[in-house]
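1. Okay, sequence plus prediction incoming.
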Amino acid sequence: MKLLEERIQKDGVVKAEGVLKVDSFLNHQIDIKLLDEMGAEFKRLFADAPINKILTIEASGIGIACIAAQHFGVPVVFAKKAQSINLDGEMYCTRIQSFTHGKVFDVIVSKKFIGPDDHVLIIDDFLANGCALNGLIEIVEAAGATVEGIGIAVEKGFQPGGKSLRERGYRLESLAIVDRMDPMTGKITFRPQGGD
Ligand code: 5GP
């Protein structure tokens, strides 16, 4: 998506260790007009899929998912990061290794909000190694629901998550794929994609 790529070029900051900061428009201050365009693009990309729910993970996926959800006319469920898991059988639980913080944390989704009739689009801001998405996929599959697709704002193509998810057959659409980025020069190279 050209608009997002241009914004990343303009305002993204390349940090060490393969981290891209997009705090000024996506992760701290949020450009709602841009998110609205991104939501419309997700709708265009998944127009043929019978999506009735969007699943994301707190915190930074929520804004993107909510605005996308307006284009789909469906509710959003977000996986919550839990301090301690109450194993009372009311929750789906999984463990996720955080890319940005290096820690492992538990995430939960109430069984009330996802079930076998659901056709789910999973949305997140970044895709790096795929740990966050693997956790969300595990929850959808544990619920007996269907993963209709995965929508990502920024995929870092030089990290393995995207390749592995595509090889496993998931329908993964990333609005921007960064193939290379150099923390010394700040240069960011995007993978050419159709549809722009
Ligand atoms: P993964 O689980 O795929 O390794 O990492 C994805 C998660 O880590 C996303 O939910 C995102 O919040 C965070 N993340 C991974 N890489 C980056 C990055 O380069 N920049 C930012 N801002 N977040 C990232």
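-> Received it, and whenever you're ready, just let me know what you need.

2. Only C-alpha atoms from now on, for both contacts and neighbour counts.
-> Noted.

3. Find the residue closest to the one residue sitting closest to the centre of the chain in space, skipping its chain neighbours.
-> Centroid-nearest residue in the chain, with CA atoms, centre = their mean: D124, separated by 1.5 Å. Spatial nearest neighbour of D124, chain neighbours left out: G61 (4.7 Å); criterion: CA to CA, 6 or more residues apart in numbering.

4. and what of V76?
-> Among residues not flanking V76 along the chain, I54 sits closest, at 4.7 Å (CA to CA, 6+ apart).

5. ok, now which ones touch the one you found?
-> By CA atoms under 8 Å, 6 or more residues apart in numbering, the contact set of I54 is A65, A69, V74, P75, V76, V77, V120, L121, I122, I123.

6. Name the SS class of the residue nearest to D124, please.
-> Assigned by DSSP: H, G, I helix; E, B strand; the rest coil, the conformation of G61 is helix.

7. Surely it touches L127?
-> No: counting by CA atoms under 8 Å, G61 stays clear of L127, with 11.2 Å between them.

8. S110 versus the residue in the chain sticking out farthest from the centre, what's the distance?
-> Relative to the centre of the chain, the most outlying C-alpha is that of D88, 28.2 Å out, by CA atoms, centre = their mean. Counting by CA to CA, to the nearest Å, the gap from D88 to S110 is 11 Å.

9. same question, Q9
-> Applying CA to CA, the value for Q9 to S110 is 38 Å.

10. residues of stretch 131-149 that come out buried?
-> 131-140, 142-143, 145-149 (16 or more other CA atoms under 10 Å).

11. taking the contacts of I54 one by one, which sit in strands?
-> Among those, the members falling in strands (DSSP state E) are V76, V77, V120, L121, I122, I123.

12. Among these, which one sits closest to the ligand?
-> Ranked by distance to the ligand (CA to the nearest ligand atom), the ones in strands among the contacts of I54 are led by I123 at 9.4 Å.

13. now what about stretch 89-96, what contacts it?
-> Around stretch 89-96, the neighbours that count as contacts under CA under 8 Å, 6+ apart are 85, 104-112, 131-132, 135, 138-139, 142-143.

14. what comes up buried for that stretch?
-> Neighbour-count burial for stretch 89-96, counted by 16+ other CA under 10 Å, picks out M91, Y92, C93, T94, R95, I96.

15. For the ones in strands among the contacts of I54, which PyMOL command selects only the ones that are buried?
-> The PyMOL selection below is limited to those of these classed as buried (16+ other CA under 10 Å):
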select buried, resi 76+77+120+121+122+123
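
16. okay if I get the ones in strands among the contacts of I54 as CSV plus pLDDT and distance to L165?
-> Listed next are those as CSV, based on pLDDT from 0 to 100; distance: CA to CA, whole Å:
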residue, pLDDT, distance to L165
V76, 98, 22
V77, 98, 21
V120, 98, 16
L121, 99, 14
I122, 98, 13
I123, 98, 14
